[in-house]
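Novice: would you be able to build a 3D model of this:
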Amino acid sequence: MKKYLYIVLFFFKKYRSVVVVLLFVAIITDILFVGFKSDLIAFTILGLYLAFSKLYRLSSKRTFAFCFVYIGIIFFGFLIDPSSLAIEKAAIWLFLLIGAGILQEFVVKEGK
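Specialist: Here you go, the predicted model:
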């Protein structure tokens, strides 16, 4: 069992950028292509993001930079269809990621 855990951790450390991009794509997919709201999906992806941000020591600045993408989705969504479900889901993700960034900032300051 210990050998498999080592292999999994080695994979996550070696392919750091791939994992972060996959989480980013998972959020975009949830916003644009999933036709219903699910807290289970949102909090699972958010938990994975927080776990990997702790593992990779991602800064809160990167989380806040991701938020600009969701602000852009909200802006262009309002231009195309103001009553879209995607706009509401992007706003939810924006709120969750801002909260995650604030949490990351507190954890980093407490750790110092």
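
Novice: where in the protein is pLDDT low?
Specialist: Within the chain, the stretches with pLDDT under 70 are 110-112.

Novice: for it, what's the longest helix?
Specialist: helix 85-111 (DSSP state H).

Novice: same for that helix, what does it pack against?
Specialist: Counting contacts by 3 or more CB pairs under 8 Å, 6 or more residues apart in numbering; DSSP states H and E, helix 85-111 packs against helix 16-32, helix 39-56, helix 60-80. To be clear about C-beta, it is placed using only N, CA and C from the backbone, and glycine gets the same treatment.

Novice: just the buried residues of that helix, please?
Specialist: Residues 86-87, 89-94, 96-98, 100-101, 104 are the ones in helix 85-111 that count as buried (16 or more other CB atoms under 10 Å).

Novice: same check, this time on stretch 60-69
Specialist: So for stretch 60-69, counting by 16+ other CB under 10 Å, buried means 60, 63-64, 66-67, 69.

Novice: what does stretch 73-88 give?
Specialist: Here stretch 73-88 shows 73-74, 77, 86-87 as buried, counting by 16+ other CB under 10 Å.

Novice: next one: stretch 51-58
Specialist: 52-53, 58.

Novice: relative to the whole chain's centre, how far out is that stretch?
Specialist: 12 Å (CA atoms, centre = their mean, to the nearest Å).

Novice: need the residues that contact it.
Specialist: The contact list for stretch 51-58 (CB atoms under 8 Å, 6 or more residues apart in numbering) reads 12-13, 16, 19-20, 23, 62-63, 100, 104, 107.

Novice: can I get those residues in JSON lines with distance to Leu5?
Specialist: Shown next, in JSON lines, are those (distance: CB to CB, whole Å):
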{"residue": "Phe12", "distance to Leu5": "11"}
{"residue": "Lys13", "distance to Leu5": "12"}
{"residue": "Arg16", "distance to Leu5": "18"}
{"residue": "Val19", "distance to Leu5": "16"}
{"residue": "Val20", "distance to Leu5": "21"}
{"residue": "Leu23", "distance to Leu5": "21"}
{"residue": "Arg62", "distance to Leu5": "27"}
{"residue": "Thr63", "distance to Leu5": "27"}
{"residue": "Ala100", "distance to Leu5": "26"}
{"residue": "Gln104", "distance to Leu5": "25"}
{"residue": "Val107", "distance to Leu5": "24"}
